[in-house]
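# Following is a predicted model, sequence given first.
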Amino acid sequence: MADQELKSKVEELIAANPVLLFMKGTPDMPRCGFSMRVVQVLETMDVEYGAVDVLPALQPLREVTAEISDWQTFPQLYVNGELLGGADIVEEMLDSGELAEALGVDQPEAAPGASAPPVAPPLQIE
């Protein structure tokens, strides 16, 4: 069961921030590629957003977000109190125009960086 004090704080943050990103690292220094991709999308959309670095309390935050939104992986983007999703979903929403609509902004003419950059195959340790 999630820590109720932490859950209350997370719910307050979601309610207080029209656009809130739970991510690994910070917008200036993302600590994972998925978080970096969502930051790039939000920068493309030119919207103000709050960001929470989940790494200092990763497991407790996973438990809390699982209770709040039934989603345990990060990043997580909330708009007007509703979970939109992680990097793949946010990028799909950008491409379809749904993200601009959810954010109440105009769709960018060209969405640079909207598609995932090429990624090298994972390394195998043998």
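Alright, I've got the coordinates. Numbering: from 1, shown residues only.
# Identify the bridge partners of Val79.
Listed beta-bridge partners, Val79: Val19, Glu82 (assigned using DSSP bridges).
# so it touches Leu103, yeah?
Yes. At 6.2 Å, Val79 counts as touching Leu103 under the criterion of Cβ atoms under 8 Å. Where C-beta positions appear, they are placed from N, C-alpha and C, glycine not excepted.
# Going by neighbour count, list what's buried in the helix-or-strand element of the chain with minimal mean pLDDT.
The weakest-scoring helix or strand in the chain, judged by mean pLDDT, DSSP states H and E, is helix 58-69 (a mean of 90). For helix 58-69, a neighbour-count test (16 or more other Cβ atoms under 10 Å) marks 61-65, 68-69 as buried.
# Let me have those in a markdown table, extended by distance to Ala51.
Shown next, in a markdown table, are the buried residues of helix 58-69 (distance: Cβ to Cβ, whole Å):
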| residue | distance to Ala51 |
| --- | --- |
| Leu61 | 13 |
| Arg62 | 17 |
| Glu63 | 20 |
| Val64 | 17 |
| Thr65 | 15 |
| Ile68 | 17 |
| Ser69 | 17 |
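# May I have the secondary structure class of the residue nearest to Ala66 when sequence neighbours are not counted?
Spatial nearest neighbour of Ala66, excluding adjacent residues (Cβ to Cβ, 6 or more residues apart in numbering): Gln72 at 4.8 Å. Assigned state for Gln72: coil (three-state reduction, DSSP: H, G, I helix; E, B strand; the rest coil).
# for the one 5 residues further on, same thing?
Assigned with three-state DSSP, Leu77 falls in the strand class.
# still on that earlier bit, which helices and strands sit right next to the least confident helix or strand of the chain?
Helix 58-69 sits against helix 4-16, with contacts defined as 3 or more Cβ pairs under 8 Å, 6 or more residues apart in numbering; DSSP states H and E.
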